[in-house]
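Asker: no sequence on this one, just coordinates:
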């Protein structure tokens, strides 16, 4: 099942069911006015939404053609946005980039941070930037949306709490990070609003690419209209989403609608490119001693997309331009 | 105006207006079903809610007696919970307690962290604890609830975005903090669900105790039924809520319903006691070399309350017992 949020009369938009090929949609406000409502009442209504999805895929009783450009983030605001950093290659490179050691617990204790969730950028929204000196970067990620998830959930039970999968651009302000982490309280100003894909999908839509809490498909990033990277999101995700669920539920519970991110997708194989500028810059430094790639400037453009084994887009495209605020 | 959330048919409860003396309430679901809805539509409905408040204070058209024990957190879940650490005395003592230096920017750059906001504990909810070795502590705080607040807000404009004031128990797991901060991503598992007062009030309810973004009143904490501290929340709040609003809006905007905390209220004058166990423990260590106060155990009890100049409770009482989970 594929779900999206279109502009509605209220700020959380209105839920629609989108056909598998993203060509058509059906308004389902008679079942659930918003995606948050659907997640809050998932056990009661998921089968009704699924029935609509089957009709929409047959072209029966559709509301109209679906346009990715009309989509808001599936959750235009969320109760939690928890972002992991589960790709070891990314952690090692980015820490090197800021002259920091990888944590001693790199392979035993997942890294996660609590992100802001007031405003999630639409997949085609501009990225507002107040100061180019802040070092704007994109980070292409996979994420899941949780149902109500109790404290103390074990990884072997985590699958049943994962309702949806999306992709994201976790926008970062790299030059604000070192001073912020120096203060000891983690990221804050260095993590502005993130953007999410036009549609969110249930894990079954991924077929056998969804395995043990990982999405085994390349995540494709274009930067200023050139291919920037297509690392596989599965194999090198050291901590799976199931591991991350166990980690984050150690001391508290999560409401339906909590978004949990993978962290920047990254492969050791340099031929796969990168999912953020910071990695490319670090590789330049390692190879030549000189960083030549700048951070994003006003007018720059980033696109993030994931395709299934037949080459069809799964989530639609995140496509964002940087604008001066 | 005083507002509270009672149990309703949906998980976000139902909004009620509470009389100034907390004796009576009026259901206002015909105006706003939830506090979040009220905050989302504040400009349209605040005057209607205020009119109800004036009636309730006269005993006209009330729905029934208000019981603090029936109240949920004013926002049972929130889109953001951003917690500052604005009392310098607390920062210095707690960092000493974990053998860390206060940050070099202590007096120029506010400390804030992004908290989890899936589940806000009711004011009388037990604090569920899975392991006493985690070092459970309470932290008595003042907090504000923001309206829609744009990126780039300056402190001189911050007042107009502050809708409500509450008090909170920012529950912390002290023994999980050092290893977590060592990883560089800030607090996560060390910050379980926090609790909030039975009622939230508009700043005008504080009269002249609300000055320049600070609440100039003592915040009273009882621990296991003995007075533990009553530091003044105003004078030594180094960064005001207005400063904190400017800080957090540097790189992004906030949705209505964002909760912004002061951090643990703390005074240099030791006669005022403390608002958390960590401070008391550090003072013991400084004075005698030996920490004698343990962290909270199952069965322990904490109460947090604030009184106006006439001795009347403003927000009602947070009263929580620790239970094994």
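Answerer: Yep, it's here. All figures in this text were calculated on a predicted structure; none of them were measured in a lab.
Asker: count of neighbours near residue A:4?
Answerer: Residues near residue A:4, counting by other CB atoms under 10 Å in any protein chain shown, number 29. Any C-beta I mention is one placed from the backbone N, CA and C, and that applies to glycine too.
Asker: any figure for the gap between the residue lying closest to residue A:296 once chain neighbours are set aside and residue B:186?
Answerer: Leaving aside its sequence neighbours, residue A:296 sits nearest to residue A:136 (CB to CB, 6 or more residues apart in numbering or on different chains; 4.1 Å). Distance check for residue A:136 against residue B:186: by CB to CB, to the nearest Å, it reads 21 Å.
Asker: between those two, which has more neighbouring residues?
Answerer: Ranked by neighbour count (other CB under 10 Å), residue A:136 and residue B:186 place residue A:136 first, with 27 against 23.
Asker: mind listing what the more buried one touches?
Answerer: When contacts are counted by CB atoms under 8 Å, 6 or more residues apart in numbering or on different chains, residue A:136 touches A:127, A:129, A:171, A:172, A:173, A:174, A:295, A:296, A:297, A:322.
Asker: rerun at 6 Å
Answerer: By CB atoms under 6 Å, 6 or more residues apart in numbering or on different chains, the contact list for residue A:136 reads A:129, A:295, A:296.
Asker: run through the bridge partners of it.
Answerer: Beta bridges link residue A:136 to residue A:173, residue A:296 when assigned by DSSP bridges.
Asker: doesn't residue A:108 make contact with residue A:247?
Answerer: No: shown here, residue A:247 and residue A:108 do not form a contact pair, counting by CB atoms under 6 Å, at 10.7 Å.
Asker: what sits against the closest residue to chain B within chain A?
Answerer: Among the residues of chain A, residue A:186 lies nearest to chain B; the distance is 1.7 Å by CB to the nearest CB. Neighbouring residues of residue A:186 by CB under 6 Å, 6+ apart: A:113, B:113, B:185, B:186.
Asker: out of these, who's nearest residue B:229?
Answerer: Nearest to residue B:229 among the contacts of residue A:186, counting by CB to CB, is residue B:113 at 22.2 Å.
Asker: checking that closest one next. Helix, strand or coil?
Answerer: strand (DSSP: H, G, I helix; E, B strand; the rest coil).
Asker: any idea how far it is from chain A?
Answerer: Distance of residue B:113 to chain A, given as CB to the nearest CB, to the nearest Å: 4 Å.
Asker: kindly confirm my reading that residue A:228 is in a helix.
Answerer: No: using three-state DSSP, the assignment for residue A:228 is strand, not a helix.
Asker: please look at residue A:257 and residue A:35 and confirm they touch.
Answerer: No: under the criterion of CB under 6 Å, residue A:257 makes no contact with residue A:35, lying 7.6 Å away.
Asker: shared neighbours, those two?
Answerer: Contact criterion CB under 6 Å, 6+ apart; residues shared by residue A:257 and residue A:35: residue A:75.
Asker: what stretches of the stretch 151-300 of chain A score poorly on pLDDT?
Answerer: By pLDDT under 70, the stretch 151-300 of chain A has no low-scoring segment.
Asker: where do the strands of it begin and end?
Answerer: Ranges of strands within the stretch 151-300 of chain A are A:162-169, A:172-173, A:195-196, A:200-201, A:210-211, A:214-215, A:219-223, A:226-229, A:259-261, based on DSSP state E, counting those that start in this stretch.
Asker: gap between the fifth one and the chain center?
Answerer: Right, the one you point to is strand A:210-211. Centroid separation for strand A:210-211 versus its chain: 16 Å, with CA atoms, centre = their mean, to the nearest Å.
Asker: direction included, what does that strand pair up with?
Answerer: For strand A:210-211, the paired strands and their directions (DSSP bridges) are strand A:214-215 (antiparallel).
Asker: who touches the strand it pairs with?
Answerer: Outside strand A:214-215, the residues touching it (CB under 6 Å, 6+ apart) are A:142, A:209, A:233, A:234, A:237, A:240.
Asker: and if you look at stretch A:4-15?
Answerer: By CB under 6 Å, 6+ apart, stretch A:4-15 touches A:16, A:18, A:28-29, A:32, A:34-35, A:38, A:70-72, A:74, A:76, A:198-199.
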